[in-house]
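**Q** need a structure here:
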Amino acid sequence: MRAFLAIAVLAAAASAKIYFYEPFDNMDKWVQSEAKSDLGKFVLSSGDVFTGDKAINQGMKTSENAKFYAASAEIDGDGVSNEGKNLVVSLSVKHEQGLDCGGGYIKIGPKMDAKGFNGDTDYFLMFGPDQCGYTKKVHAIFGSYKTKGNNLLWKKEPRYPDDKLTHVYTIVIKPDNTYELFIDQESKESGSLEADWPFLKAKEIDDPEDKKPSDWVDEPQMDDPEDKKPEDWDNEPEKIPDAEAKKPEDWDAEDDGEWEPPMVPNPKYKGAWAPKRIPNPAYKGPFKPKQIANPEYEADDKLYMARSPLKFVGIDVWQVKAGSIFDNIIIGDDLAEVNAIIDKTWKATKDAEKEAHDNANKKEEAPAAAADEAKADEDDKEDL
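**A** The predicted structure is shown next:
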């Protein structure tokens with residue numbers, strides 16, 4: 001079924017605007033990087049629990065713990081140019097192992113040496129789920145904007161579904177410099193590229209010539225000039241002799257000196273007096289210099305656009321606990337066409353997958369529940 005779907009999609013690519021589709025019927029397209037000698041091994045797998053349709057659930061799985069992984073596939077033809085049109089990038093990832101620290105994202109970028117693919121390789125977009133410590137978020141990082149290595153982090157940090165099921169992540173980057181993120185075909189984030197990534201310098205900056213006036217009042221409260229210290233305020237000392245203290249019976253005044261009780265805090269002591277605070281009628285608020293146009297700001301109406309044709313899709317991740325399964329990686333320029341593939345793969349099997357996982361969990365829980373019940377019965381017998 002998947003092989004037929006892949007052939008149908010690729011045959012219709014000219015009209016459907018699907019530039020790249022990887023269903024992982026095999027790993028023939030994928031080149032293992034040789035940038036490191038001990039990179040982890042990818043294997044084909046449907047996972048330990050799947051829907052019954054092993055082919056649809058099959059993907060490329062990380063198989064070794066505490067490893068870096070790096071492999072890539074070439075995009076056929078002249079590559080992908082998204083000038084003047086949408087760029088739609090989608091992938092499904094299943095963290096069946098329960099991801100604790102590691103990545104589940106892909107990278108897409110210009111032509112490069114597949115054997116040398118590594119974390120320093122230039123890319124246009126890094127996209128997908130990632131966990132580091134307690135932070136679980138979907139990455140969307142634009143790489144090497146104008147300068148090599150100038151990788152721009154998303155200011156937003158949407159969370160990904162924290163379970164062991166397959167989930168689909170799709171981003172649409174639009175030629176009006178806006179974007180939209182979908183998780184499992186539901187819109188989760190959207191906005192402006194310029195506002196949500198640090199592509200450009202600020203349009204306006206503080207005027208360096210605008211200084212705070214000497215008479216500017218930025219204290220919101222002041223001492224009440226009508227509040228006077230009471231005359232008896234300082235009548236009580238801070239400490240007084242402890243009335244409960246008794247001179248030790250063995251106290252020798254000749255050797256030890258005249259006995260005096262220890263000093264203790266005086267409960268009647270009022271502390272240092274301060275007038276009560278009232279709103280300051282002269283308060284003007286925090287001083288803010290006026291804004292002026294930033295001479296370093298340069299508008300760019302093509303933030304959305306890959307500067308070079310996109311020629312590769314790569315997986316370059318670190319995982320402490322292996323077991324993530326990557327599947328159905330799609331690049332196109334039409335969300336409806338991408339969703340049509342998602343409908344026939346993830347959506348067609350998601351309910352069955354959840355049921356399979358629920359049943360597997362019940363089987364795992366059953367022995368523990370039986371053991372607890374047996375222990376409870378044994379305790380009841382002992383009580384008799």
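**Q** Tell me, domain by domain, which residues of the protein belong where.
**A** Following automatic domain parsing, one gets these domains for the chain: 2-196+301-365, 230-272.
**Q** Run through who's touching the one helix or strand Val93 maps to.
**A** Val93 belongs to strand 87-95 when assigned by DSSP states H and E. Strand 87-95 is contacted from outside by 47, 59, 80, 104, 106, 108, 125, 127-129, 164-173, 304, 306, 323-335, 338, 341-342, 345-346, using C-beta atoms under 8 Å, 6 or more residues apart in numbering. For the C-beta atoms, the positions are set from N, CA and C on the backbone; glycine is no exception.
**Q** Might you specify the subset of those residues located within strands?
**A** Mapping these onto strands (DSSP state E) picks out 59, 106, 108, 125, 127-129, 166-173, 324-332.
**Q** quick one: the residue most central in space within the chain from Thr51, how far?
**A** For the chain, the residue nearest the mean C-alpha position is Lys137 (2.6 Å; C-alpha atoms, centre = their mean). Here the criterion is C-beta to C-beta, to the nearest Å. By it, Lys137 lies 28 Å from Thr51.
**Q** quick one, helices of this protein?
**A** 2-11, 13-16, 54-57, 193-196, 253-256, 335-344, 346-383 (DSSP state H).
**Q** any idea which of the domains of the chain is most buried?
**A** domain 2-196+301-365 (a mean of 18; mean count of other C-beta atoms under 10 Å).
**Q** what pLDDT, on average, does that domain get?
**A** Regarding domain 2-196+301-365, the rounded mean pLDDT is 91.
**Q** how close does Lys41 get to Leu165?
**A** Lys41 sits 24 Å away from Leu165, going by C-beta to C-beta.
**Q** which residues sit in contact with the closest residue to Ser81 other than its chain neighbours?
**A** The shortest distance from Ser81 to any non-neighbouring residue, by C-beta to C-beta, 6 or more residues apart in numbering, is to Pro309 (5.3 Å). Contacts of Pro309 were listed using C-beta under 8 Å, 6+ apart, and they are 78-81, 110-111.
**Q** next one: Tyr169
**A** 90-93, 127-129, 138, 160, 181-183.
**Q** Give the partner strands of the strand holding Val93 in its sheet and their orientations.
**A** Sheet pairing of strand 87-95 (DSSP bridges) gives strand 166-173 (antiparallel), strand 324-332 (antiparallel).
**Q** would you turn these into TSV with distance to Lys212?
**A** Listed next are the strands paired with strand 87-95 as TSV, based on distance: least, C-beta to C-beta, whole Å:
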stretch	distance to Lys212
strand 166-173	43
strand 324-332	53
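**Q** Go through those strands and name the closest to Val317.
**A** Nearest of those to Val317, taken as C-beta to C-beta: strand 324-332 at 7.8 Å.
**Q** The closest one vs helix 335-344, what angle?
**A** 150 degrees (axes from the mean of the first three to the mean of the last three C-alpha atoms, to 10 degrees).
**Q** Please put the alpha-carbon coordinates of strand 324-332 into CSV.
**A** Extracted C-alpha coordinates of strand 324-332, given in CSV (Å, rounded to 0.1, in the frame of the first residue of the first chain):
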residue,chain,number,x,y,z
SER,A,324,12.4,7.3,18.0
ILE,A,325,10.9,6.4,14.6
PHE,A,326,10.9,9.0,11.8
ASP,A,327,8.3,8.6,9.1
ASN,A,328,6.5,10.3,6.2
ILE,A,329,8.8,13.2,5.6
ILE,A,330,7.2,15.5,3.1
ILE,A,331,8.2,18.7,1.4
GLY,A,332,5.7,20.5,-0.9
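**Q** Can you tell me how far the residue nearest to Ser81 is from Pro175?
**A** 16 Å.
**Q** Ramachandran coordinates for the residue nearest to Ser81?
**A** Dihedral angles of Pro309 (phi, psi; degrees, to the nearest 10) stand at phi -50, psi 140.
**Q** That one and Asn177, how far apart?
**A** 20 Å.
**Q** rewinding a little: can you check which of the strands paired with strand 87-95 gets nearest to Lys17?
**A** Closest among those, using C-beta to C-beta: strand 324-332, at 5.0 Å.
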